[in-house]
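Colleague: no sequence for this one, just the structure:
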Ligand SMILES: [Ca+2]
Ligand SMILES: [Ca+2]
Ligand SMILES: [Ca+2]
Ligand SMILES: [Ca+2]
């Protein structure tokens, strides 16, 4: 946390600070090397199987009541969530464990202007309400934000959120200029059903026990397209030189600051944004004849030496 705070102060980036505090509110530190995850001897694969069964039990024994926008115990004549045509199942591998998670897609979202889907690194403006499944019957509220939306960044929240929100789009900002509350219409809207392994895992967090499945009512209002955490001209989603889709694990100059938070990605003393040529885009400059496929901003030998 000391490193994180120092970096944030160095960045003088108020928005990032707000994001970081929001992440902390969700029970996560912003240590970039291991966001919310600690190595332990817990059998996460076994827990994933337990969670898979209990999530399916829950989806078989509950339904979504459209009239009151609420998940309720199944009643005669209602369609169980597991059979609801709006329920989508996805699989993901996280830290070498296979997980299934589910979401009820009520509305995908109709953004105006069209910003498309967020990436796993983008900032999102959301409203949500969270509950955890105490058992297959009982839901416990642990969080509620129904008054005003909050900005979060999808690389810094529980992984179930990261993987779910990329399926939704934002809406249209209809806030009255000058004095109105922030108001959106036609945003993405759904309910997430997440195994503990994509939530707070075996450790839990403030107010949430370990090994509990989570349910969230979510609304996605807006996104920051091509979120650029370090404002160096390279969108965070592209600061992924190893190409595994996860920019959190890339640190070209090995200074313990991942590239997406690093102003000088190759550590050559020249800021990445100053290695972007006339168009300001660092991703399309390849000037080292000895290494013509490596962009200058990731090449510590260009332009300083070795040429
Ligand atoms: Ca960047
Ligand atoms: Ca990566
Ligand atoms: Ca960078
Ligand atoms: Ca540099």
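Modeller: Structure's in. What do you need? What you see is a predicted model, and the numbers here were worked out from it, not measured in a lab. Ligands and ions are numbered 1, 2, ... in the order given.
Colleague: quick one, strands of this protein?
Modeller: In the chain, the segments counted as strands under DSSP state E are 62-65, 70-73, 87-94, 97-107, 123-133, 139-153, 172-173, 184-185, 188-194, 214-224.
Colleague: least confident of these, on average?
Modeller: For these, mean pLDDT drops lowest on strand 139-153, to a mean of 72.
Colleague: quick one, what contacts residue 99?
Modeller: Residue 99 sits next to 48, 51, 52, 91, 92, 93, 195, 197, 198 when contact means C-beta atoms under 8 Å, 6 or more residues apart in numbering. In this view, the C-beta of every residue, glycine as well, is placed from N, C-alpha and C.
Colleague: next, count neighbours for the residue nearest to the second one when sequence neighbours are not counted.
Modeller: This means residue 51. Take residue 51 and drop its neighbours on the chain: the residue closest to it by C-beta to C-beta, 6 or more residues apart in numbering is residue 195, 3.7 Å away. Residue 195: 26 surrounding residues under other C-beta atoms under 10 Å.
Colleague: now do residue 82
Modeller: 18.
Colleague: show me the contacts for it.
Modeller: Residues near residue 82 by C-beta under 8 Å, 6+ apart: 56, 59, 60.
Colleague: any idea which of the residues you listed is closest to ligand 1?
Modeller: residue 59 (38.9 Å; C-beta to the ion).
Colleague: residue 79 is in contact with the closest one, correct?
Modeller: No: the pair residue 59 / residue 79 is not scored as a contact, 11.1 Å apart, by C-beta atoms under 8 Å.
Colleague: run through the bridge partners of the closest residue to residue 213 other than its chain neighbours.
Modeller: Nearest residue to residue 213, sequence neighbours excluded (C-beta to C-beta, 6+ apart): residue 133, at 4.4 Å. Assessed by DSSP bridges, residue 133 has beta-bridge partners residue 139.
Colleague: ok, residue 118 to ligand 1 distance?
Modeller: 16 Å (C-beta to the ion, to the nearest Å).
Colleague: need the contact list for that residue.
Modeller: By C-beta under 8 Å, 6+ apart, the contact set of residue 118 is 124, 154, 165, 166, 168, 220, 223.
Colleague: mind running it again at 10 Å?
Modeller: Residues in contact with residue 118 (C-beta atoms under 10 Å, 6 or more residues apart in numbering) are 124, 153-154, 162, 165-170, 188, 220, 222-225, 227, 237.
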